[in-house]
Every structure is written in C-alpha cells, then in structure tokens.
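# Here is the input, now give the coordinates:
(one chain, ligands or ions: 2)
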Amino acid sequence: MADLNTNVQYVKGVGPQKAKLLAKLGIETLRDLISWLPRRYEDRTELRQIADLVSGETAGVAAMIAETPTLSRIRQGMELVKVRAVDDTGTLDVTFFNQPWLRTQLLVGQVYIFYGKAEGNLFRKQMTSPVVELEGKQESTGRIVPIYPLTAGVSQLTLSRSIRQGLDAIRDILPDVLPDEVRLQHQLCRIGYAYENIHFPESPEALTIARRRLAFEELFLFTIGLMRLRNRREVVHIAPYKAVSLQPFLDALPFTLTDAQQRCVDEAISDMRSGTPMNRLCQGDVGSGKTMVAAACVYFAVKNGHQAAMMAPTEILAHQHFEGLSPLLEQFDIRCALLTGSTGAKAKREILSKLAAGEVDFVVGTHALITDTVAYQDLGLVITDEQHRFGVVQRASLAQKGCHPHTLVMSATPIPRTLALLLYGDLDVSVIDQLPPGRQPIQTIAVSGSYHPRIFNFIRQQVAQGRQVYIICPMVEDGEDGPDDRKAVTSYARNLQEAVFPDLKVAFVHGKMKSKEKDAIMSAFAAHETDILVSTTVVEVGVDVPNATVMVVENAERFGLSQLHQLRGRVGRGAHQSYCVLISDSKSDETRQRLRVMVKTRDGFQIAEEDLRMRGPGDFFGQRQHGLPGLKVADLGCDTRLLQEARQAAEALLEEDPDLSHHPATAARVEELFAQRSDTLN
Ligand code: ADP
Ligand code: MG
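Ligands and ions are numbered 1, 2, ... in the order given. Coordinates of the predicted model:
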C-alpha cells in the first residue's frame, strides 16, 4: 500500500522511465509529486461557438471534422496537417505543425474540442496547433487546467498524468496534519479535497477553498515549529551572568551611545543576567549604530568569562568588523580572531585550536564559523549581523555550537510586519529607532543617463572637498560562462579612470575577486587611499566608511527598493551632507514609481512595505534566502489575515497540548519541516 514516502516509480502508470524524468524536477516520492504545485491555471471550461471566436483570443470550441485531413510538406522536415471542422455556426480551419499522425487520427464525423488562439476574420476562422481532444475523452480541455513549472524533457501532460495517478493512489489515505477541531473551527476543507482541487480544480471556488486550506496548513505548522523552538528555549536554565560594569568600555568609545543604543544594550544585558538564554533581534535602520551594541554585548560576555562569536554575511563585512572592533576590545585584554573561508590553512588550524582551548575570546567570521570543525571551549554569545541573509536554520545551527549560548541577531533590513512575525516569531525584539546625532538626511535624486556629465562634475567637487564616492555598477556583460559582472565593473572603472578622472584614484571591487584582494581594496578605500570605488552590490551590506558622501547607482531599475535603501545607507554615516544619485533610463511606470519612493522616503520600514507590496516575498528575500521551511502556497504579501488565524490556532493548540502528544501527525510533520536540511544552509 502506498504512503507519502513511496517512490514515484511504483505509482501506477508512472514507472521507472517517467520517474527518471520526474527526478529532474526533484520529484522522488509521492509526497514530492503531489506537492509539485501548479504555477498558474488556465480556465478551459467554457466552450464557444465558432461564430463567436474573436481573433487574438484564446478559446475552446467543440467542432466536427468535416473533411479528411490533408498532409503536406512545406520545407524539409516541416509537415503540415490541415483540417476543416464545423459547428452549427460556422467553419474553422485548423493547421498543425509537425504532428503528422493527426492526419489519420482525426476522424471525419467525430466531434473534437479545439483549444487555442483564434485567428482570421468574421468569415474565415482559423487556429494553429491548438490542443485537440476527442469530446468526452478530455484531459486538458473542458476544465480548469493546471500549468506546472517544467524542466526540459518533462511535458505538462506527463506531469499532470503522473500527478493524477499519484493523487488517485493516495487521496483517500492522506494523513491530515490539521487537527479536526482546527479544521472545523476555521472552516477549512479536508486534505484530500485540498490536494485534488489545487491540482484539478472543479471550479474557481473550489480552487480558492483548496488554496486557503493548504496555505493555512503551512502557516499553522510553521508557527507551531517556531513556537516550539521558543518554548524549548524557555525551559532552559543557565547560570545568570554577573553584573559587570560597562563603564570602561563606554569610556573608550569616541562617542556616547544614543539613548536607543543604550536601551538595546540594557535589554540584552538583562537577558543575559536572567538565567535563560537570550534570543534577541536588534533591529535598526542602516547607520543606526548596531555594531556598537554588539560590541558592548561582546565585552559583557567576555568579562563574564565566556567566548563570543560574530557571524557576518560577507567576507568584506567580517573583515571590517574585525578591523573596527579588535583594537577597541584588545585594550581590555579581549583576544580577537578573524576566521573566514579564505583564512589560510595554517592560520585556521591555529585559530581553531585556540578557540577550543579558550585562548581566543572573540571570533569574527563568515559561514566558516558554523562548519562542523569549529569547536569552542565555552561559547557564551553568538551574534549574527544582517540576519536576513541567514536562514532560520543557520541561526539554530550556530546556536548548537555552545551549550545554550545567548544569541543576538542584528538586522538592518526593516522587515515588513507579516514577514517579521514569521522570521522572528521566536525572538524578542529591540529596536534602535534613532540615528547618532549630527547626521544630515541624505539627499536623493533620480535622473536619466543624460545627466552623467553633471554627475561626474559633482563627484569631482565632492572629491575636491576631501570626500569619497561609491559607484554601483550592476551592468552585466556576457562572459564565456554566462553573465559576468567582473567584466562590467572592470571596464566601467577603466573607462572612468582613463576618460573622466585621470587625476583621481579610482578602484574597483566585485564579488568574484579573491577575498584578500577585496579586503585590500576596501581597506585602502576606508583609509582614503582611493577616491572613487566602483563596485557591484558587494558593498550593499554593512560597509562603513563615514567619509564617503556620494552613492551613485547605475541602472537603478535593476534593484529592489530595499536593496537601494541598503546601498544608500553606505553614505550619510558621518557628519558631512551626503547624496544618493539613482541613474536610470527606464521608461517603465513601475520603475519611476519605485524611484520616486526612494526620493521621497527615508524610512526603511516604509520602503520595505512598499517593496513587499510591489514585488512579493519571494523577491524580497530572494527565494533561497528566506529559508522558511515549507512555505509554498502561502503568500506572505497577501495572506496576513490567514497568518493571524493560523497563529491563533497554533497558540490554542499548544496551550492545550504543549508537547503535541495528542497530535502525533502534526508533531511529526513539524519535526520534518524543521529538521536541519543541508540545502537550506546556502
Ligand atoms: P549599522 O547600524 O548600519 O550597522 P554602524 O554600527 O556601522 O551602523 O554605525 C554607523 C556609524 O555610526 C559608524 O561609523 C559608527 O562608528 C557610528 N556611530 C555608532 N554609534 C554612534 C554614536 N552613538 N554616536 C556617533 N556615531 C556613532
Ligand atoms: Mg552594520
């Protein structure tokens, strides 16, 4: 008997050959198969009469073959079948390319359904290569038809037939992971009906009902998973940290913390003194000074006798944090180390052994920090910077390195509320809602490429005043192995240096450089050895050079709003007036509207909401980046109300049955979804 883990090749009508095709889509089990959801649907329910066909519109007709089809060859290899079909209202001429078998298959006197784009005029109606099926034997006409995402070699028909077979094999024995009481209370359909109608909807209404049920289920399971992570942590007891004075640290800073920074530090410290592990998100717009909040926590943890780790999403950023923080912390005998993917083997071995022996107190790094080979003597505090780059799972995996380390997540991305609920449902939140004093608002303009001469003049003036400039250059040229941003940046920078600014120092940096090289270039820019830095978006996240006052973004239409906001956040970090110039020749309304949002709005939260509204959550994070287990149907941009319902249901269920012992199917599915999977550790 089949269950969800049955290999698809054993599904009736699939077999080993089709199974091989399906495997290309990652479909291996029956669960994979029925979870392969349509990308969209085509409503082919309605049939028209031939006389009502409108040229240019896609429609279906039921018509009888009136004459024997003819076959002709027009060019070498190109075969044409022509046939005339009729109904009570008129005649339809149908042409098929390269389907010679249709000549003998289409029988005179039989009625077929033709579904395709109509052409011709009032008197002569035509269709070219429509879908054709014998009336009464229809699979892909006369109904709402699912259109699946495909890969080469797998056709819509193969997929929908396999899914049909798969559903038939499993529908009546599908385990329902939603408890009955939840299903009834929230008026959700049964699981079998949901899967049936998400694939082969009986009607648009049935599709809506099915979709709602599956989206609810995803959000429900996801919320339960997060809540259990949270609850699990609350029962953990650890030794509370002692009250260590931060005064020496604060005295060593060149500035006083803002009230908002101080509040975040206080909240984090009170977490660490509470006797349960901290799990806190520190959210603050670009430039709000999150790094110092992190540094204060590091100081506190290390002075309590524990190790601290900080994980950054890029090597440039890890390097910058290390350069910025180690001189500060080393004054207090805090031993610091930098560990990234490009740390040499020998240096790496040394750092690893020191971490294990407790001879390094604070380590900054990239993903390298969460590989299995890194062991700590006593990891007390884990900080992840710019969290949205990391999945939920990665966060957990780093946390597993310590016994129960305190975790602090720093995010500059103002996450729209719906997403925040999901991403950070298991975290407490501190917000830095204040910028350090003396900052002037960044002036933003959006212009077309014809402004280049004026922009270059402006850059020259700024450099003459001792300031520095970023130019972001996303143009991608085609290289031998596909698109290549290296070439684009290199040639742009060369041009700029030779033709526009021969007397200034122009440098460039892109993602494909070795990280030593990148670091050297960034350090030179930070030390003001160069005036202009041409870059890809590798500087998007976190880079801090307060003397830089101009951010120029070429082809600004290629970026999302949140990304533009991040880029703009690279300037305006010191006392000087800063500028952001968005260059775009795009005439599209949408682009103009987006750039207008950037010009008008400084508030990162507002920008993020707009971004989510215009692009949807997949784009907002980049499909892979959001790393949220199991969300396929739910649309985080639109399903806000459903999310609230699902959340309430999840809370109620956990209240009544905290360890889900009475709901084993639900528990098992949540476990499965949250089990650490290597492919979410991108
Ligand atoms: P972000 O929140 O974007 O990570 P950073 O921590 O990089 O911001 O800080 C931005 C800049 O502001 C840095 O140059 C930092 O030294 C400076 N800064 C941070 N806190 C203060 C403060 N309280 N007063 C003045 N400058 C500050
Ligand atoms: Mg930062």
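# all contacts plus neighbour counts: C-alpha atoms, from now on.
Noted.
# What residues does this protein have near ligand 1?
Proximity of the chain to ligand 1, by C-alpha under 6 Å from any ligand atom, involves residues 255-258, 284, 286-292, 436, 542, 544, 546, 573.
# repeat that for 5 Å
Leu257, Thr258, Val286, Gly287, Ser288, Gly289, Lys290, Thr291, Pro436 (C-alpha under 5 Å from any ligand atom).
# Within the helices and strands, which one has the residue lying closest to Arg596 once chain neighbours are set aside?
Closest residue to Arg596 apart from its sequence neighbours, by C-alpha to C-alpha, 6 or more residues apart in numbering: Ala446 at 7.5 Å. Per DSSP states H and E: Ala446 is located in strand 443-447.
# ranges for the helices of the stretch 51-200 of the chain?
102-105, 156-170, 180-185, 191-199 (DSSP state H, counting those that start in this stretch).
# Buried deepest among these, which one?
Mean neighbour count (mean count of other C-alpha atoms under 10 Å) peaks for helix 191-199 among these, with a mean of 21.
# name the helices or strands packed onto that one?
Applying 3 or more C-alpha pairs under 8 Å, 6 or more residues apart in numbering; DSSP states H and E, one finds that helix 191-199 contacts helix 204-234.
# Next secondary structure after the helix it packs on?
The element immediately downstream of helix 204-234 (helix or strand, assigned by DSSP H and E) is helix 247-252.
# pLDDT on that following helix, on average?
Across helix 247-252, pLDDT averages out at 97.
# Can you name the next helix or strand after it?
Counting by DSSP H and E, the next helix or strand C-terminal to helix 247-252 is helix 259-272.
# which ones are touching whichever residue of the stretch 101-250 of the chain sits closest to ligand 1?
Here the residue of the stretch 101-250 of the chain nearest ligand 1 is Leu250; by C-alpha to the nearest ligand atom that distance is 10.3 Å. Leu250 sits next to Thr256, Leu257 when contact means C-alpha atoms under 8 Å, 6 or more residues apart in numbering.
# For the residue nearest to Arg596, which residues are in contact?
Listed by C-alpha under 8 Å, 6+ apart, the contact partners of Ala446 are Val581, Leu582, Ile583, Ser584, Leu595, Arg596, Val599.
# Which two of these have the greatest separation?
The most widely separated members of the contacts of Ala446, counting by C-alpha to C-alpha, are Ser584 and Val599 (13.3 Å).
# out of these two, which sits in the busier spot?
Ser584 (20 against 17; other C-alpha atoms under 10 Å).
# Kindly confirm whether my reading is correct that that one touches Val552.
No - Ser584 lies out of contact with Val552 (C-alpha atoms under 8 Å); the separation is 10.9 Å.
# For the contacts of Ala446, which PyMOL command selects only the ones that are buried?
The PyMOL selection below is limited to those of the contacts of Ala446 classed as buried (16 or more other C-alpha atoms under 10 Å):
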select buried, resi 581+582+583+584+595+599
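# now the contacts of Ala446 as JSON lines including pLDDT and distance to Gln110?
As requested, the contacts of Ala446 are arranged in JSON lines below (pLDDT from 0 to 100; distance: C-alpha to C-alpha, whole Å):
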{"residue": "Val581", "pLDDT": "97", "distance to Gln110": "66"}
{"residue": "Leu582", "pLDDT": "96", "distance to Gln110": "63"}
{"residue": "Ile583", "pLDDT": "95", "distance to Gln110": "61"}
{"residue": "Ser584", "pLDDT": "93", "distance to Gln110": "58"}
{"residue": "Leu595", "pLDDT": "91", "distance to Gln110": "58"}
{"residue": "Arg596", "pLDDT": "91", "distance to Gln110": "59"}
{"residue": "Val599", "pLDDT": "93", "distance to Gln110": "64"}
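# Inside strands: which ones of the contacts of Ala446?
Val581, Leu582, Ile583 (DSSP state E).
# Can you tell me which of those comes closest to Glu610?
Nearest member of these to Glu610, counting by C-alpha to C-alpha, is Leu582, at 17.7 Å.
# dump the residue contacts of that closest one.
Counted by C-alpha under 8 Å, 6+ apart, Leu582 has contacts Thr444, Ile445, Ala446, Val447, Val552, Val553, Glu554, Asn555, Ala556, Leu595.
# Emit the ChimeraX select command for whichever of those are buried.
Only the buried entries of the contacts of Leu582 go into this ChimeraX selection, using 16+ other C-alpha under 10 Å:
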select :444,445,446,552,553,554,555,556,595
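# now, the most widely separated pair of the contacts of Leu582?
Among the contacts of Leu582, Thr444 and Asn555 lie farthest apart (C-alpha to C-alpha), at 15.2 Å.
# and Ala252, how many residues sit next to it?
Ala252 has 13 nearby residues by other C-alpha under 10 Å.
# Please renumber the chain so that the first residue is 58 from this point on.
Let's use 58 as the start, then, which means that last one is Ala309.
# Once you drop chain neighbours, what's closest to it?
Per C-alpha to C-alpha, 6+ apart, closest to Ala309 is Leu385, 7.5 Å.
# Quick check: the gap between Glu611 and Arg330.
Counting by C-alpha to C-alpha, to the nearest Å, the gap from Glu611 to Arg330 is 48 Å.
# got it, and Val557?
In terms of C-alpha to C-alpha, Val557 sits 57 Å off from Arg330.
# more crowded one of these two?
Just comparing Val557 and Arg330: by other C-alpha under 10 Å the higher neighbour count belongs to Arg330, 17 against 14.
# Surely the more buried one and Val301 touch.
No - look at Arg330 against Val301 with C-alpha under 8 Å: they stay out of range, at 10.2 Å.
# What is the neighbour count of the closest residue to ligand 1 within the stretch 358-507 of the chain?
Residue nearest to ligand 1 within the stretch 358-507 of the chain: Pro493 (4.4 Å; C-alpha to the nearest ligand atom). Using other C-alpha under 10 Å, Pro493 has 18 neighbouring residues.
# cool, Thr198 as well?
Thr198: 24 neighbours (other C-alpha under 10 Å).
# Can you name the residues that contact it?
Arg101, Thr102, Gly117, Ile170, Tyr172, Val188, Glu190.
# Output the contacting helices and strands for the one helix or strand Met608 maps to.
Assessed by DSSP H and E, Met608 sits inside strand 605-610. Judged by 3+ C-alpha pairs under 8 Å, 6+ apart, the packing partners of strand 605-610 are helix 509-521, strand 525-529, strand 636-640.
# rerun at 7 Å
Under the contact criterion of 3 or more C-alpha pairs under 7 Å, 6 or more residues apart in numbering; DSSP states H and E, strand 605-610 touches strand 525-529, strand 636-640.
# With just CA atoms, put the last one into CSV.
Right, the one you point to is strand 636-640. This file holds the C-alpha atoms of strand 636-640, laid out as CSV (Å, rounded to 0.1, in the frame of the first residue of the first chain):
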residue,chain,number,x,y,z
TYR,A,636,23.9,62.3,-1.6
CYS,A,637,22.4,59.4,-3.4
VAL,A,638,22.1,59.5,-7.2
LEU,A,639,19.9,56.9,-8.9
ILE,A,640,20.5,56.7,-12.6
